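**Q** Okay, predicted coordinates and the sequence, questions at the end:
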Amino acid sequence: MLLFVRRWSYFLPCVYLMASIPIFEHIYKVARVVVDEEFHLPQGKHYCTGNFKVWDSKITTFPGLYILTSILLPLKICTTFALRFMCLLASAFNLFLIIKIQEVFHGKVIHTLLDALTITLLPPLYFFAHLYYTDVISVTTILGMYNFWLRGYHKSTAIVGVCSVLMRQTNIIWVMFFLGVSAGNELIINTKPMLPEYKSKKGDSKEKVNADADMDTLIKVIGYNLKNPTFFIGNISHIMHKFLGYFLVLLAFGAFVLYNGSIVVGDKTAHQATIHLPQILYCTLFILIFGPSLVLQNGWAAAKNFFKHIKLTVFLTLFLLIVVKYNTIVHPYLLADNRHYTFYVWNRFYGKYEYAKYLPIPVYIFGLYLLAECLKHRQIVMQIILMW
């Protein structure tokens with residue numbers, strides 16, 4: 001089965017690329033500049049021609065995309081077509097990476113290939129595969145990190161993490177996630193043999209201990225470390241040494257934010273970090289719409305939990321009513337830029353009717369139950385905590 005998947009991991013991206021080229025060419029003919037390509041294309045062409053001194057102050061990200069574009073310099077093909085085609089190639093490579101990632105989970109062949117295609121053809125992502133934007137290549141770096149991390153190559157993961165942050169600063173979250181899960185796994189593996197219930201099992205060596213843990217075990221692991229400071233300090237020292245690459249990336253990024261005074265490079269006044277909890281709710285709605293396979297596989301269990309845990313459902317309803325009322329933030333760009341779908345969502349629904357933003361709360365809650373159900377099947381409880 002794995003051999004079959006590996007063959008398809010090369011064949012399917014080629015088919016995908018060939019099928020996408022006619023669409024790509026049509027978009028190129030009818031739309032030479034789309035949305036923020038107004039800023040990206042000129043900047044990319046500057047780097048592509050070796051002019052690294054020019055920088056548009058409206059650009060908010062690091063120059064990772066433009067540095068990558070400079071590989072075209074020897075070829076002397078710094079055209080809009082060439083710059084956009086890089087993103088289409090990256091999109092095909094994303095499909096390859098997703099299939100390679102799926103190999104690790106040893107799923108069914110048809111599910112592996114369909115899931116990979118579903119993710120690659122996600123409408124917002126596939127749209128940008130035909131334009132010169134950071135989105136697609138940013139996803140490439142995230143998938144690259146995930147691919148190395150799943151195979152235990154932590155140094156490689158950290159190196160790709162640097163590239164990922166250079167594409168988009170917000171990708172630092174993924175570096176933190178991989179570090180958090182890795183550190184949590186290591187803490188559990190090192191502490192499990194010290195717990196009384198594991199000590200009583202004869203012949204249970206550290207090498208046989210894995211990172212699987214339910215919430216009860218995790219609490220015991222944390223409790224043991226807190227009660228034994230010397231053991232805990234030893235664990236922390238071991239973790240910092242083993243995952244030093246991640247820590248260096250985080251420290252460098254923290255130094256940048258302190259020096260820069262903001263997470264973005266340019267247009268700082270319009271891009272300020274803030275707490276916006278409804279963003280999580282919008283994410284659940286997005287997953288429900290664009291993740292039908294997740295809904296089909298876990299929707300019934302989520303629906304049962306919705307009514308089974310009625311007290312939690314009522315609490316979430318009241319909590320989300322407060323969150324939506326007092327923490328809904330509407331960015332000026334959202335209301336002014338009719339080139340984005342969210343412009344129409346807000347101007348024709350959420351912003352038009354006084355109580356419209358409260359109506360999807362039951363759907364949000366169902367989405368949260370669905371995510372909990374999906375995450376329940378992942379490796380360890382540490383991943384669930386960090387994903388939330």
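**A** All right, it came through fine. Source: prediction; values computed, not measured.
**Q** what's the burial count for Tyr350?
**A** Neighbour count for Tyr350, taken as other CB atoms under 10 Å: 18. No exception for glycine: its C-beta is placed from N, CA and C like everyone else's.
**Q** From Val15, how far off is it?
**A** Applying CB to CB, to the nearest Å, the value for Tyr350 to Val15 is 40 Å.
**Q** Could you do Thr284 as well?
**A** According to CB to CB, Thr284 and Val15 sit 33 Å apart.
**Q** Tell me which of those two has more neighbours.
**A** Using other CB under 10 Å, the more surrounded residue of Thr284 and Val15 is Thr284, with 20 against 13.
**Q** Look at Ile275 and tell me its secondary structure.
**A** coil (DSSP: H, G, I helix; E, B strand; the rest coil).
**Q** wait, doesn't it sit right on Asn327?
**A** Yes. Counting by CB atoms under 8 Å, Ile275 touches Asn327, with 7.0 Å between them.
**Q** These two: which has the busier surroundings?
**A** The residue with more neighbours, out of Ile275 and Asn327, is Asn327; 14 against 7, by other CB under 10 Å.
**Q** Could you list the low-pLDDT ranges of this structure?
**A** Where the chain drops to pLDDT under 70, the residues are 1-8, 106-109, 199-215, 266-273, 331-340, 376-388.
**Q** List the buried residues for the longest helix that it contains?
**A** Ranked by residue count, the top helix of the chain under DSSP state H comes out as helix 2-30. Of all the residues in helix 2-30, those buried under the rule 16 or more other CB atoms under 10 Å are 5, 8-9, 12-13, 16-17, 20, 24, 27-28.
**Q** Dump these to a markdown table, plus distance to Leu318.
**A** Listed next are the buried residues of helix 2-30 as a markdown table, based on distance: CB to CB, whole Å:
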| residue | distance to Leu318 |
| --- | --- |
| Val5 | 47 |
| Trp8 | 48 |
| Ser9 | 47 |
| Leu12 | 47 |
| Pro13 | 47 |
| Tyr16 | 46 |
| Leu17 | 50 |
| Ser20 | 47 |
| Phe24 | 49 |
| Ile27 | 46 |
| Tyr28 | 51 |
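**Q** which among the residues you listed gets closest to Lys100?
**A** Nearest to Lys100, judged by CB to CB, of the buried residues of helix 2-30 is Ser9 at 6.0 Å.
**Q** Which helix or strand contains the residue nearest to that closest one when sequence neighbours are not counted?
**A** Nearest residue to Ser9 in three dimensions, chain neighbours excluded: Ile99, at 4.1 Å (CB to CB, 6 or more residues apart in numbering). Ile99 belongs to helix 80-105 when assigned by DSSP states H and E.
**Q** ok, which stretches of the stretch 101-250 of the chain are helices?
**A** 109-120, 123-128, 135-150, 154-167, 172-191, 196-199, 215-227, 229-242, 244-260 (DSSP state H, counting those that start in this stretch).
**Q** ok, now the stretch 251-388 of the chain?
**A** Under DSSP H, counting those that start in this stretch, the stretch 251-388 of the chain gives helices at 278-290, 292-308, 310-327, 332-336, 341-345, 361-375, 381-387.
**Q** So Ile280 versus Met176, what's the distance?
**A** From Ile280 to Met176 the distance is 16 Å (CB to CB).
**Q** Please state the offset of the longest helix of the chain from the chain centre?
**A** Remark: helix 2-30 is offset 23 Å from the chain centroid, using CA atoms, centre = their mean, to the nearest Å.
**Q** other SSEs contacting it?
**A** If you count contacts as 3 or more CB pairs under 8 Å, 6 or more residues apart in numbering; DSSP states H and E, helix 2-30 packs onto helix 80-105, helix 109-120.
**Q** Mind splitting this structure into its structural domains?
**A** 2-167, 171-262, 278-387 (automatic domain parsing).
**Q** just these: most buried one?
**A** Stretch with highest mean neighbour count among these: domain 2-167 (a mean of 17; mean count of other CB atoms under 10 Å).
**Q** thinking again about what came up before, next, the angle from the helix holding Ile99 to helix 109-120.
**A** Calculated by axes from the mean of the first three to the mean of the last three CA atoms, to 10 degrees, helix 80-105 forms an angle of 140 degrees with helix 109-120.
**Q** can I assume Leu125 is in contact with Asp135?
**A** Yes. If you go by CB under 8 Å, Leu125 and Asp135 touch, sitting 6.7 Å apart.
**Q** so how far is Val249 from the closest residue in space to Asp36 that isn't next to it in sequence?
**A** Closest residue in space to Asp36, ignoring its immediate chain neighbours: Tyr133 at 7.2 Å, by CB to CB, 6+ apart. To Val249, Tyr133 is 23 Å away according to CB to CB.
**Q** Phe52 now?
**A** 23 Å.
**Q** Quick one: residues contacting the nearest residue to Leu320 once chain neighbours are set aside.
**A** What sits nearest to Leu320 in space, not counting adjacent residues and going by CB to CB, 6+ apart, is Ile361, at 5.0 Å. Taking CB atoms under 8 Å, 6 or more residues apart in numbering, we find Ile361 in contact with 317, 320-321, 324.
**Q** what's the closest of those to Lys227?
**A** When these are compared against Lys227 (criterion: CB to CB), the nearest one is Leu320, at 37.3 Å.
**Q** So that closest one is in contact with Pro362, correct?
**A** No. Applying CB under 8 Å as the test, Leu320 and Pro362 come out as separate, 9.4 Å apart.
**Q** The nearest residue to Leu17 once chain neighbours are set aside and Gly44, how far apart?
**A** Closest residue to Leu17 apart from its sequence neighbours, by CB to CB, 6+ apart: Ala92 at 4.2 Å. According to CB to CB, Ala92 stands 20 Å off from Gly44.
**Q** Check Gln279 too.
**A** Look at Gln279 and Gly44: by CB to CB, they are 29 Å apart.
**Q** Kindly report the same for Phe349.
**A** 36 Å.
**Q** need the contact list for Gln145.
**A** Quick fix: residue 145 is Met, not Gln. Residues counted as contacts of Met145 (CB under 8 Å, 6+ apart) are 157, 160-161, 164, 174-175, 178.
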